[in-house]
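S.K.: no FASTA, just this:
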């Protein structure tokens, strides 16, 4: 089942990246617009950007046109597929579910960073993995 879920997720990535590259065209600052389009092109070629490169553009995603409340419905649906959330709901509900899901992931990431993976027991790591799988299945 995990292979099937991963295949579904992988199939959704190209649409997300393409939508992001198109949305980048409407950014007001040409330098950031160009940088985000370069990152999208890099990902489309199969490369993996460095964390510092992603960190440099992260502020773009909290405001228009790339903020969750401003994304086009097709982009919201693609993001929903990546996170295994049903894309067959009105956009308002999809945004709400995405926001909730991302917040949960953020809290889990912060907790794991505070604890450190080395401090988690094997059972706790299995529990985290189980929760991740369960979230994907929803």
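M.R.: Noted; the coordinates are in hand. These figures come from a predicted structure and were not determined experimentally.

S.K.: Show me what the host helix or strand of residue 103 is packed up against.
M.R.: Assigned by DSSP states H and E, residue 103 belongs to helix 91-115. With contacts taken as 3 or more CB pairs under 8 Å, 6 or more residues apart in numbering; DSSP states H and E, helix 91-115 sits against helix 73-82, helix 122-137. Glycine gets a C-beta too; all of them are placed from N, C-alpha and C.

S.K.: which residues of this structure score low on pLDDT?
M.R.: In the predicted model, the chain carries pLDDT under 70 at residues 1, 128-138.

S.K.: distance of the residue nearest to the spatial centre of it from residue 15?
M.R.: Geometric centre of the chain, nearest residue: residue 79, 6.5 Å, by CA atoms, centre = their mean. Residue 79 sits 9 Å away from residue 15, taking CB to CB, to the nearest Å as the criterion.

S.K.: Tell me which residue lies farthest from the centre of the protein.
M.R.: Relative to the mean C-alpha coordinate of the chain, counting by CA atoms, centre = their mean, the farthest residue is residue 121 (27.6 Å).

S.K.: Residue 38 versus that one, what's the distance?
M.R.: 42 Å.

S.K.: Kindly report the same for residue 24.
M.R.: For residue 24, the distance to residue 38 - CB to CB - is 9 Å.

S.K.: So between the two, which is more surrounded?
M.R.: Regarding residue 24 and residue 38, a neighbour count based on other CB atoms under 10 Å identifies residue 24 as having more, with 21 against 15.

S.K.: Name the nearest residue to that one, ignoring sequence neighbours.
M.R.: residue 36 (4.2 Å; CB to CB, 6 or more residues apart in numbering).

S.K.: try residue 41
M.R.: Of all residues not flanking residue 41 in the chain, residue 21 sits nearest, at 7.3 Å (CB to CB, 6+ apart).
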